[in-house]
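Q: Okay, sequence plus prediction incoming.
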Amino acid sequence: MTAPSNRVPAAMQDKFNAIAQAADAFCDQRLNGEYKQMIRLALAALSRKRPSPLLKGKDNAWAAGAVHALGMVNFLFDPSQTPHCKASDIQAHFGVGASLCSSRSKEMRDALGMGQMSPEWTLPSRLDANPLIWMLQINGLIVDIRRAPLEMQEMAFAGGFIPYVPGRKDSGA
């Protein structure tokens, strides 16, 4: 599993900062630090695209789209989840319409390959609940690595396929 990078090209730094600050304010008010960090990683990834889609459109629309995109991946709109909010809350906060928020969200999801439960865009606190992270193909069979012997888990971790060794998580290792 490759972790997203927070590198931002110097030419995009001001644009990134403006959008990230707007998104940060929403995260501080309605979400949490995990969302803030993942949104910043997504914005940094878009900043590195050539040409960056962030150069077209207003900063508040991209901030709304980023919150919406990461929210879709992590079930933000499900009231049984914590935190949660409605898409209309995002739109109202950023002062954008539903169609603009949705289109920026879709652009971001398409550009970064985001989908519901995308392993690289799952919040750290939700990793355990995301089955896609733990499903690996071994000798042609799809296996939930959490149910595999510890040695296989360690090999999968060493190979960068999983974020940690599930068999060692409870032991504090």
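A: In hand now; what should we look at?

Q: what's the neighbour count on G167?
A: 19 (other CB atoms under 10 Å). No exception for glycine: its C-beta is placed from N, CA and C like everyone else's.

Q: Going C-terminal from the lengthiest helix in the chain, what's the next secondary structure element?
A: Longest helix in the chain, counting residues (DSSP state H): helix 13-30. Sequence-wise, the next helix or strand downstream of helix 13-30 (DSSP states H and E) is helix 33-48.

Q: How about the contacts made by the most centrally placed residue in the chain?
A: With distances taken as CA atoms, centre = their mean, W121 lies nearest the centre of the chain, 2.9 Å away. With contact taken as CB atoms under 8 Å, 6 or more residues apart in numbering, W121 is in contact with 4, 38, 42, 70, 73-74, 112, 114.

Q: what does K106 give?
A: By CB under 8 Å, 6+ apart, K106 lies in contact with A69.

Q: how close does it sit to I138?
A: Per CB to CB, to the nearest Å, K106 is found 34 Å from I138.

Q: Show me what the longest helix of the chain packs onto, helices and strands only.
A: Helix 13-30 sits against helix 33-48, helix 59-73, helix 87-94, with contacts defined as 3 or more CB pairs under 8 Å, 6 or more residues apart in numbering; DSSP states H and E.

Q: So which elements touch the first one?
A: For helix 33-48, the elements it packs on are helix 13-30, helix 59-73, helix 98-112, judged by 3+ CB pairs under 8 Å, 6+ apart.

Q: angle of it against helix 59-73?
A: Here the directions of helix 33-48 and helix 59-73 differ by 120 degrees (axes from the mean of the first three to the mean of the last three CA atoms, to 10 degrees).

Q: now helix 33-48 and helix 98-112, what's the angle there?
A: Helix 33-48 runs at 70 degrees relative to helix 98-112, counting by the same axes, to 10 degrees.

Q: Outside of helix 33-48 itself, list whatever touches it.
A: For helix 33-48, the surrounding residues in contact (CB under 8 Å, 6+ apart) are 4-9, 12, 15-16, 19-20, 23-24, 27-28, 52-54, 62, 66-67, 69-71, 74, 76, 83, 108, 111-112, 114, 121, 123-125.

Q: Quick one, which of those residues are buried?
A: For the contacts of helix 33-48, a burial check counting by 16 or more other CB atoms under 10 Å picks out 8, 12, 15-16, 19-20, 23-24, 27, 52-54, 62, 66-67, 69-71, 74, 76, 108, 112, 114, 121, 123.
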